[in-house]
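*Asks:* the following block contains a protein sequence and its predicted model.
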Amino acid sequence: MSNQPQIPVVVNGAMGRMGREIVNAIAAADDIKLVGAVDRKSEAIGEDIGEIAGCGPLEIPVTDDLEATLVMAQSEGNAVMVDVTHPAKIYEQVRAAIAYGVRPVVGTTGLSPEQIINLAEFAEKASVGCLIIPNFAIGVILMQQAALKAAEYFDHVEIIELHHNRKADAPSGTAVKTAQMLQEVKPSFNPPQVDETETLQGARGGTTEEGINIHSVRLPGLVAHQEIMFGAAGQVYTLRHDAMDRVCFMPGVLLSIRKVLPLKSLLYGLDKIL
Ligand SMILES: NC(=O)C1=CN([C@@H]2O[C@H](COP(=O)(O)OP(=O)(O)OC[C@H]3O[C@@H](n4cnc5c(N)ncnc54)[C@H](OP(=O)(O)O)[C@@H]3O)[C@@H](O)[C@H]2O)C=CC1
Ligand SMILES: O=C(O)C1=N[C@H](C(=O)O)C[C@H](O)C1
């Protein structure tokens, strides 16, 4: 046990698939303590999040009042908010945390590039660290790094992301980030080869401004998967990552909680703190 003070953490979205996993991971981490569990699920308000998450009582009741929880966390000093909620309110939630000096670790996806720029400016002005992490899994980061090398040699690439059918946003934040990274290597991909017609709208997937096609599959039975397919004459080079259990995201979550503390501005992507 270190003699360093524990990092106080609020989990926003604590009742969700990721939230419960994160509560368990924090409960098992000696250097981090859960101080708040926020969720909009009214049926759980007041219940012990540890009992709900399955790690035993933590004496932290679920609340739906994020602002009051941020005020409490602010008084703790050096606090972190991990957000794994929903695209609809994430921008306002991150701004609120920064305003209260509670460092956001944003797992929630769906922020637009413009929103990320605005949050970066706000965090810089407030001198509050913020991490926006579309994917906490180290395997995804390694896949993205391999894809950057491939992008130097291939002009044609498409991304296929596959998720459970309870996912609120499409394409995934991971696919968006992957495309953004590839587009830093080469300004455009997939030069047109034919006068193409979609007889079924959307059949070719969504297309980024730089020409990368992204396809989103949603099926029960899936968790989180992505393929990056590069093509050239006579060959296809495919990179794939499969998350079979959300426990794979937990080392990245805990690393982000520890790494956000000394920051005074916003970083986007787990690769920035490895
Ligand atoms: N960065 C990463 O590595 C990963 C990121 N994610 C992202 O995390 C987010 C959550 O995913 P997941 O856990 O599967 O989703 P869930 O729907 O299982 O969990 C979200 C939880 O947050 C609640 N919620 C929704 N909106 C709010 C709000 N405004 N305030 C408080 N609570 C709220 C939901 O309640 P209700 O059920 O009523 O909506 C639910 O309990 C998604 O954006 C997803 O893309 C997921 C996995 C990995
Ligand atoms: O909703 C999910 O499950 C996931 N969402 C993230 C994304 O949108 O990239 C990360 C991971 O793919 C799981």
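*Replies:* Looks like it came in fine. Ligands and ions are numbered 1, 2, ... in the order given.
*Asks:* only C-alpha atoms from now on, for both contacts and neighbour counts.
*Replies:* Fine.
*Asks:* low-confidence ranges in the protein?
*Replies:* By pLDDT under 70, the low-scoring segments of the chain are 1-2.
*Asks:* all strands for it, in order.
*Replies:* 7-12, 32-38, 62-63, 80-83, 103-106, 130-132, 156-163, 206-207, 213-218, 224-232, 235-243, 266-268 (DSSP state E).
*Asks:* so which residues of the stretch 101-250 of the chain form helices?
*Replies:* 113-126, 138-151, 173-185, 250-260 (DSSP state H, counting those that start in this stretch).
*Asks:* hmm, back to that, would you mind putting the strands of the chain into CSV with mean neighbour count alongside?
*Replies:* Shown next, in CSV, are the strands of the chain (neighbours: other CA atoms under 10 Å):
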stretch, mean neighbour count
strand 7-12, 25
strand 32-38, 23
strand 62-63, 25
strand 80-83, 28
strand 103-106, 29
strand 130-132, 27
strand 156-163, 22
strand 206-207, 15
strand 213-218, 18
strand 224-232, 19
strand 235-243, 15
strand 266-268, 20
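*Asks:* out of those strands, nearest to Gln145?
*Replies:* Comparison of the strands of the chain against Gln145 by CA to CA identifies strand 235-243 as nearest, at 10.5 Å.
*Asks:* the closest one pairs with which strands, and in what direction?
*Replies:* Using DSSP bridges, strand 235-243 pairs in its sheet with strand 224-232 (antiparallel).
*Asks:* dump the strand it pairs with to CSV, restricted to CA.
*Replies:* Output of strand 224-232 as CSV, limited to C-alpha atoms (Å, rounded to 0.1, in the frame of the first residue of the first chain):
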residue,chain,number,x,y,z
ALA,A,224,-16.7,-4.4,-29.5
HIS,A,225,-14.8,-5.2,-32.6
GLN,A,226,-13.0,-3.3,-35.4
GLU,A,227,-11.4,-4.3,-38.7
ILE,A,228,-9.2,-2.0,-40.8
MET,A,229,-8.9,-3.4,-44.4
PHE,A,230,-6.2,-2.0,-46.7
GLY,A,231,-6.4,-3.0,-50.4
ALA,A,232,-4.1,-3.0,-53.4
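*Asks:* run the angle between that strand and helix 138-151 for me.
*Replies:* On the basis of axes from the mean of the first three to the mean of the last three CA atoms, to 10 degrees, strand 224-232 is oriented at 10 degrees to helix 138-151.
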